[in-house]
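Participant: What shape does this take:
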Amino acid sequence: MDSPGRREQNKQKTRAAIEQAAARLFDERGFAHTTVRDIAQAAGVGERTFFRYFPTKESLVAGQVRELIPRLTELVADRPTDETPYTAMRNAVLELVAQHDVPPAIFITGPPGRLGPDTRADRFLLSDLESALAEALLQRLKAAAPKTAAAQLHLHAAVKARAGVSALRALFTIYADEGTEPRTVSQLAELIQDAFAALESP
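Facilitator: Okay, the predicted model is just below:
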């Protein structure tokens, strides 16, 4: 009989297999043309097993994004202190993307709010990302300018965090609409560079 620890490990492996299969299929076929049955078969599980982990394929993407939030904010906080807020966010996103073999599903499907009515429970997902990034940037700004008024630092951190997320949302939306999603991590990295460059261009 499996121990609780072994059962939890098996559950984590199954969840990871489903997420990896979904990312691979979304990349190959596109989000709209990939079914739950396709994902389950590619992961080597039944559809009932898929639904034990994810109510819908949309919730799979939203869940992936939510799991990325703490990882991304940690990477932002750990960037060199001499980097500007936009540079720190851009490099943190690039570092996060480089940890994947294929582009994370969010870069293929479009913003979570566009995935459909099943994502209503995650309607605050992007807001949560903005708030988490704002907090990470605030700590950086405090360290760089400790004598600046707290209210001013809060405002600057909030504005820059939301501007950075807006650049990513624009990337998600445009490439999902045009059906020209980044096919490789290196292609995605170039698009991320372009999106953040647009924030500072005339």
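Participant: From Leu96, how far out is the most centrally placed residue in the chain?
Facilitator: Nearest to the geometric centre of the chain sits Val65, at 4.1 Å (C-alpha atoms, centre = their mean). Using C-beta to C-beta, to the nearest Å, we find Val65 at a distance of 11 Å from Leu96. Any C-beta I mention is one placed from the backbone N, CA and C, and that applies to glycine too.
Participant: Phe31 now?
Facilitator: Distance of Phe31 to Leu96, given as C-beta to C-beta: 20 Å.
Participant: Helix or strand next in line after the lowest-mean-pLDDT helix or strand in the chain, which one?
Facilitator: Here the helix or strand of the chain ranked lowest by mean pLDDT, DSSP states H and E is helix 106-109, holding a mean of 61. As assigned by DSSP states H and E, the chain's next helix or strand after helix 106-109 is helix 125-144.
Participant: can you give me the helices in the protein?
Facilitator: Assigned by DSSP state H, the chain shows helices spanning 4-29, 36-43, 47-53, 57-78, 85-98, 106-109, 125-144, 150-178, 185-200.
Participant: Quick check: which of those has the most neighbours on average?
Facilitator: Neighbour counts (mean count of other C-beta atoms under 10 Å) averaged over each of the helices of the chain peak at helix 106-109, with a mean of 23.
Participant: For this protein, give me the ranges with low pLDDT.
Facilitator: Applying pLDDT under 70 to the chain flags the ranges 1-4, 102-123, 175-183.
Participant: How about the contacts made by the closest residue to Leu75 other than its chain neighbours?
Facilitator: Spatially, and ignoring its direct neighbours in sequence, Leu75 is nearest to Ala92 (3.8 Å; C-beta to C-beta, 6 or more residues apart in numbering). Taking C-beta atoms under 8 Å, 6 or more residues apart in numbering as the criterion, Ala92 is in contact with Leu72, Leu75, Val76, Arg79.
Participant: Closest to Val36 out of those?
Facilitator: Nearest to Val36, judged by C-beta to C-beta, of these is Leu72 at 27.4 Å.
Participant: what sits against the closest one?
Facilitator: Leu72 makes contact with Ala92, Val93, Leu96, Leu129, Ala132, Leu133 under the criterion C-beta under 8 Å, 6+ apart.
Participant: Just send the contacts of Ala92 back as TSV, with distance to Ala143 too.
Facilitator: Shown next, in TSV, are the contacts of Ala92 (distance: C-beta to C-beta, whole Å):
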residue	distance to Ala143
Leu72	19
Leu75	16
Val76	13
Arg79	12
